[in-house]
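Peer 1: just coords:
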């Protein structure tokens, strides 16, 4: 199925932030390293940061599609601790569809904070303005531009893992069913012969206008698309068939009702 395969490719693309997340949390600094302003800033800012409003709305509504538009310059970013400790680092930015929104930052000794390195030309239109990076009282990262401030919250995983954790992680039972169905934050699942799942957070083509989840069977790269609805501890899943000729989507079969806990 062409369209579903494209969605799967986007899911893989967004997962590319995982490598940066893992590397951004490594460091050569030892416990005996003096606590300098630079070391403190590097410790606080290293890792993966996601648009605060985006995540909070998903947590509240248990829904991605209506909250798909990020209000920040980029949806999420990663910062490597080893680079930050050197006083200069590449801020790697991502949207829901792609990466490559990168900008060089450097530590300002006078202000004791990181800011965009204005000496290095940026070809990305999203970062033509100067900005400073600050930690607020809620331990969230602020990207302060001349006319606005974007706020990001830190996550301990990559974004796909965080979405699975927020929306699905846990054990479920089907009505009149005895077997326990487990959705794990790493993407593992034991549901109707499927072994892996991904939450869709890219709706760039405008065809899919609902919350979706991709299920994969073992050793398969061609996923099945389901629409999901979460109401309290009830998870509703509806299989969606794609017409390959016109790429239209249509619900097929009965809804699967799962109860969490």
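Peer 2: Structure's in. What do you need? Not measured: the values here are computed from a predicted model. Numbers count the residues shown, from 1 in each chain.
Peer 1: Number of residues surrounding residue 72?
Peer 2: Residue 72 is flanked by 22 other residues according to other CB atoms under 10 Å. Every C-beta, even on glycine, is put in place using the N, C-alpha and C of the backbone.
Peer 1: What are the phi and psi values at it?
Peer 2: Residue 72 adopts backbone torsions of phi -90, psi 170, taken as degrees, to the nearest 10.
Peer 1: So for it, what's the pLDDT?
Peer 2: In this model, residue 72 is scored at 92, pLDDT.
Peer 1: Can you give me every residue that contacts it?
Peer 2: 51, 53-54, 143, 150-152 (CB atoms under 8 Å, 6 or more residues apart in numbering).
Peer 1: At which residues are the helices of the stretch 1-150 of the chain located?
Peer 2: Remark: helices assigned in the stretch 1-150 of the chain by DSSP state H, counting those that start in this stretch are 2-14, 17-24, 37-45, 52-61, 81-85.
Peer 1: residues making contact with the fourth one?
Peer 2: Pointing back at helix 52-61 there. Here helix 52-61 makes contact (CB under 8 Å, 6+ apart) with 64, 67, 70-72, 75, 140, 151-153, 155, 162-163, 166-167.
Peer 1: and which of the contacts of residue 72 is nearest to residue 211?
Peer 2: The shortest approach to residue 211 among those belongs to residue 54, at 14.4 Å (CB to CB).
Peer 1: any idea how far the closest one lies from residue 213?
Peer 2: Separation of residue 54 from residue 213 (CB to CB, to the nearest Å) stands at 18 Å.
Peer 1: ok, the closest residue in space to residue 218 that isn't next to it in sequence - how many residues close by?
Peer 2: Nearest non-adjacent residue to residue 218, counting by CB to CB, 6 or more residues apart in numbering: residue 195, 4.7 Å away. Around residue 195 sit 15 other residues, with neighbours defined as other CB under 10 Å.
Peer 1: Regarding residue 195, what is its secondary structure?
Peer 2: Judged by DSSP: H, G, I helix; E, B strand; the rest coil, the three-state class of residue 195 is strand.
Peer 1: now it: how far from residue 220?
Peer 2: Distance from residue 195 to residue 220, by CB to CB: 9 Å.
Peer 1: Over to residue 204?
Peer 2: On the measure of CB to CB, residue 204 and residue 220 end up 24 Å apart.
Peer 1: again, but for residue 106
Peer 2: Residue 106 is 46 Å from residue 220, where distance means CB to CB.
Peer 1: Low-confidence ranges, the stretch 101-250 of the chain, go.
Peer 2: For the stretch 101-250 of the chain, no stretch is flagged by pLDDT under 70.
Peer 1: again, only this time at 90
Peer 2: Residue ranges of the stretch 101-250 of the chain with pLDDT under 90: 120-128, 175-179, 204-207, 219-221, 242-248.
Peer 1: What are the boundaries of the strands in it?
Peer 2: Under the criterion DSSP state E, counting those that start in this stretch, the stretch 101-250 of the chain contains strands at 101-108, 113-116, 132-135, 141-144, 149-155, 170-174, 180-183, 188-191, 194-199, 212-217, 224-231, 234-242, 249-251.
Peer 1: Columns distance to residue 257 on top of these, output as TSV?
Peer 2: What follows is those, written out as TSV (distance: least, CB to CB, whole Å):
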stretch	distance to residue 257
strand 101-108	40
strand 113-116	49
strand 132-135	44
strand 141-144	39
strand 149-155	30
strand 170-174	7
strand 180-183	12
strand 188-191	13
strand 194-199	17
strand 212-217	15
strand 224-231	10
strand 234-242	6
strand 249-251	15
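Peer 1: Just tell me which of the ones you listed ends up closest to residue 86.
Peer 2: Proximity to residue 86 (CB to CB) singles out strand 101-108 among the strands of the stretch 101-250 of the chain, at 8.8 Å.
Peer 1: What pairs with that closest one, parallel or antiparallel?
Peer 2: Strand pairing for strand 101-108, determined by DSSP bridges: strand 88-94 (antiparallel), strand 113-116 (antiparallel).
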